[in-house]
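Q: Turn this into a structure:
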Amino acid sequence: MKQLFLLGFSLFFTQNLLAQTREDAPNFYRSAISSDFNAATDGKNALLALSAKQLFGIGANRRFKIGYGLRINHNFGSKTTFLTAPAILTTGRTGPIVFFDGTKIGANIDTLQSSSFTVTSINIPLYLEYAITNRLDVGFNIDLTGLSFGSAAYNYQSVHATAANQGAVKGNATSPNLLLIGDNDLGSLSSELVVRYHLNNKLAFNAGLCFAFAEFTTDRKLYLDNDRFREKQLMGMVGLSYRLH
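A: Numbers count the residues shown, from 1 in each chain. Down below sits the predicted model:
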């Protein structure tokens, strides 16, 4: 998610500097209510996302837009490995510095193997978009908070734990979800970097990248008293957007 976050904000900053300053902004660039349906996959896992959003044009030309929405993510996969999630275990620290520090403490990281999983989340995303032309937009969005639902069965295999603690374990989707930056994040969250081509005034085609967290909490504490495990997924994405107003 760090890569998409940095790339998205860099792109918006650059495009905003290049924005025109004319006063007669066309209606196309102004506030809009729309719905997106996007599908993403990395070949093993997949995510389906249905969202509704409201965007508000900013500045004289209204090309730059910011907004909020509601998104339903349905994330599923097979033969998936979930890793220890809490930042205090994976990096030895918490706070914003975790976002910039790629150091991982291998001795603290444990794994759960799942033959299949599903998690459905209902989240509130933040949207940033920029209209390059009448037909072409670029956008970045990221889930801020929400709730998740889902369960899965795992095979716990750890080089750290005793044989008595290994084997079958159950888990439920971690909830609530909360964006706290990097491994500080809690629950299942998604972010998208999108290029959108408008086919007409209502319908547009989306393509880009999706970065998602799927997180589960086990029904018992495991190594280092941890019960939270996460899978990070970077996926190619396509979809459609429909302007409602």
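Q: And the strands in this protein?
A: Ranges of strands in the chain, per DSSP state E, are 32-41, 45-58, 64-84, 111-131, 136-149, 151-156, 167-173, 177-178, 190-198, 203-218, 228-243.
Q: For I105, which of those is the nearest?
A: Distance to I105, taken as C-beta to C-beta, is lowest for strand 64-84 among the strands of the chain, at 9.3 Å. Where you see a C-beta, it was placed from the backbone N, CA and C, and this is true even at glycine.
Q: May I see the buried residues of the closest one?
A: Residues of strand 64-84 classed as buried by neighbour count (16 or more other C-beta atoms under 10 Å): 64-65, 67, 69, 71, 73, 75-77, 80, 82, 84.
Q: about what we covered before: would you turn the strands of the chain into JSON lines with distance to N184?
A: Formatted as JSON lines, these follow (distance: least, C-beta to C-beta, whole Å):
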{"stretch": "strand 32-41", "distance to N184": "23"}
{"stretch": "strand 45-58", "distance to N184": "22"}
{"stretch": "strand 64-84", "distance to N184": "14"}
{"stretch": "strand 111-131", "distance to N184": "17"}
{"stretch": "strand 136-149", "distance to N184": "13"}
{"stretch": "strand 151-156", "distance to N184": "23"}
{"stretch": "strand 167-173", "distance to N184": "18"}
{"stretch": "strand 177-178", "distance to N184": "9"}
{"stretch": "strand 190-198", "distance to N184": "15"}
{"stretch": "strand 203-218", "distance to N184": "11"}
{"stretch": "strand 228-243", "distance to N184": "12"}
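Q: could these be laid out in TSV, adding mean pLDDT?
A: Formatted as TSV, the strands of the chain follow (pLDDT from 0 to 100):
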stretch	mean pLDDT
strand 32-41	95
strand 45-58	96
strand 64-84	95
strand 111-131	95
strand 136-149	97
strand 151-156	87
strand 167-173	89
strand 177-178	98
strand 190-198	97
strand 203-218	97
strand 228-243	96
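Q: one step back: may I see the buried residues of strand 64-84 arranged in JSON lines, with distance to T118 as well?
A: Shown next, in JSON lines, are those (distance: C-beta to C-beta, whole Å):
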{"residue": "F64", "distance to T118": "37"}
{"residue": "K65", "distance to T118": "33"}
{"residue": "G67", "distance to T118": "29"}
{"residue": "G69", "distance to T118": "23"}
{"residue": "R71", "distance to T118": "17"}
{"residue": "N73", "distance to T118": "11"}
{"residue": "N75", "distance to T118": "7"}
{"residue": "F76", "distance to T118": "4"}
{"residue": "G77", "distance to T118": "8"}
{"residue": "T80", "distance to T118": "11"}
{"residue": "F82", "distance to T118": "13"}
{"residue": "T84", "distance to T118": "21"}
